[in-house]
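K.L.:
Show me how the following folds:
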Amino acid sequence: QVQLVESGGGLVQAGGSLRLSCAASGRTFSSYAMGWFRQAPGKEREFVSGISKSGGSTLYADSVKGRFTISRDNAKNTVYLQMNSLKPEDTAVYYCAADVRVGVSSSGYDYWGQGTQVTVSS
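P.N.:
Sure, this is the predicted structure:
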């Protein structure tokens, strides 16, 4: 069992930046691959980015590639999502999730945080 708590969301103007954090507690953080997903009102939850247990492998959705960077600090039990050049279409609730391997399907993740709201104004 692992508990996840996201933070760092907020309101930002288009072109701005935010850094999301997801702090994990419970079982060994380094045993889990981590993912970031987002869900906008009226839309399906979608994959944003993922990172392997060691941090050596990352995945990004095409819509965020080149603008977002995922990283993790296993000593601090935390995964980050640095979001630059934000666009209004990035507005959503952002969730972190944990599973034994990184993947793009939300159904593959066993543990989820409560989410943090990101709003990008035009």
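K.L.:
Just give me the neighbour total for residue 61.
P.N.:
16 (other Cβ atoms under 10 Å). No exception for glycine: its C-beta is placed from N, CA and C like everyone else's.
K.L.:
residues touching it, list them.
P.N.:
By Cβ atoms under 8 Å, 6 or more residues apart in numbering, the residues touching residue 61 are 46-49, 104.
K.L.:
same deal with residue 116?
P.N.:
6-9, 20, 93-94.
K.L.:
gap between it and residue 97?
P.N.:
13 Å (Cβ to Cβ, to the nearest Å).
K.L.:
so what strands line up beside the strand or helix carrying residue 11?
P.N.:
For residue 11, the host element (DSSP states H and E) is strand 10-13. Strands that pair with strand 10-13, judged by DSSP bridges, come out as strand 116-121 (parallel).
K.L.:
Can you list the buried residues in the strand it pairs with?
P.N.:
Buried residues in strand 116-121, counted by 16 or more other Cβ atoms under 10 Å: 116, 118, 120.
K.L.:
With stretch 19-39 instead?
P.N.:
For stretch 19-39, burial by neighbour count (16+ other Cβ under 10 Å) applies to 20-24, 29, 32-38.
K.L.:
so what's residue 16 closest to, chain neighbours aside?
P.N.:
Nearest non-adjacent residue to residue 16, counting by Cβ to Cβ, 6 or more residues apart in numbering: residue 86, 5.4 Å away.
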